[in-house]
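Enquirer: give me a model of this one.
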Amino acid sequence: MHQLINKAGLGLMAGLTLAASSLVPAQASEHDQVKVPVSYKWLDQPAGTEAFTGDLDLACATGLLCGSLVESETLYDGLGHPIAEVESRNGEHDRAMNRLEAVVTQHRLMNIVDPIPAASAPHSFVDMDDPVLAFGQEALSAAVENGIVTGRTATDFAPRESISRAAFVAMLHRTVDLIEPSADAPTFPDMDAADVAWATDHVRWAAEAGITVGNNGMFEPREDLTRLEAVLFLLRFDDYLDSLPPA
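Expert: You can find the predicted model right below:
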């Protein structure tokens, strides 16, 4: 994950303690223009996910997934110099991620660690003809042309439809050209059903790569991918990419 950490900056990763430094500035000065470390306060973080706070912070610091900014506070030292910024955010981490968000978030990661070639032509999905979806056009075109994702039909992508855990893992697997899982790769009992057989090798690869460990022995392939799960899968995917030999 070294590439993501470098992108985030050392201040965030240093675990700076901020509470004791929350001082009122004496006056504004040229020091206010200095870039300072940013810390995050997740106002809606799901209960029981505190162990993943550092992952959520890193995902926001690198621009992968941030949610919405509610309030920002600058912390100063005794001389009125800014020393840190605290952003209070709603991450919506327990909300299901939709198909377009999944494509865009994965594209952001790859732009940091190993950019996906840009598309030579735009995609042809008519249900993407909405100005609200403009943020995802470039990422979707690149993902389609590079074989990472397909539409529901030749003309419809279904951008607002939630993405399943199996479908997201399949996207990651296609990004590395469907590297074969070994014969000893882990399996999950709930991957035996006929309707998820298409994802068997994708999930076995992800388990072997350390991207997923499942939930209580099951992978839950049909379940909607949450935004928190997307963050965890992507950061583990980044670790996996770091482990691969140079091309």
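Enquirer: you'd agree Ser72 is in a helix?
Expert: No: per DSSP: H, G, I helix; E, B strand; the rest coil, Ser72 lies outside any helix segment and is strand.
Enquirer: Leu178 sits in which helix or strand?
Expert: Secondary structure from DSSP states H and E places Leu178 outside every helix and strand.
Enquirer: quick one: contacts for it?
Expert: Leu178 makes contact with Asp201, Trp205, according to Cβ atoms under 8 Å, 6 or more residues apart in numbering. In this view, the C-beta of every residue, glycine as well, is placed from N, C-alpha and C.
Enquirer: if we go to 10 Å?
Expert: Contacts for Leu178 (Cβ atoms under 10 Å, 6 or more residues apart in numbering) come out as Gly147, Ala170, Asp201, His202, Trp205.
Enquirer: quick check: the last one touching Thr175?
Expert: No: with the criterion set as Cβ atoms under 10 Å, Trp205 and Thr175 do not qualify as a contacting pair; they are 11.3 Å apart.
Enquirer: once you drop chain neighbours, what's closest to Leu244?
Expert: Val176 (7.6 Å; Cβ to Cβ, 6 or more residues apart in numbering).
Enquirer: my read: that neighbour touches Asp238, true?
Expert: No: Val176 is beyond contact range of Asp238, at 12.0 Å (criterion: Cβ under 10 Å).
Enquirer: hey, what's in contact with both of these two?
Expert: Asp114.
Enquirer: these two: who's more crowded?
Expert: Asp238 (24 against 14; other Cβ atoms under 10 Å).
Enquirer: buried stuff in the helix or strand the more buried one falls within?
Expert: Taking DSSP H and E as the definition, Asp238 sits inside helix 227-243. Going by neighbour count (16 or more other Cβ atoms under 10 Å), the buried part of helix 227-243 is 227-238, 240-241.
Enquirer: ok, stretch 125-143 next?
Expert: Phe125, Asp127, Met128, Leu133, Gly136, Gln137, Ala139, Leu140, Ser141, Ala142, Ala143.
Enquirer: first-to-last residue distance for that stretch?
Expert: One end of stretch 125-143 sits 13 Å from the other (Cα to Cα, to the nearest Å).
Enquirer: and the buried residues of helix 227-243, which is closest to Leu69?
Expert: Proximity of those to Leu69 (Cβ to Cβ) peaks at Arg227, which lies at 15.8 Å.
Enquirer: nice, that's everything, thank you.
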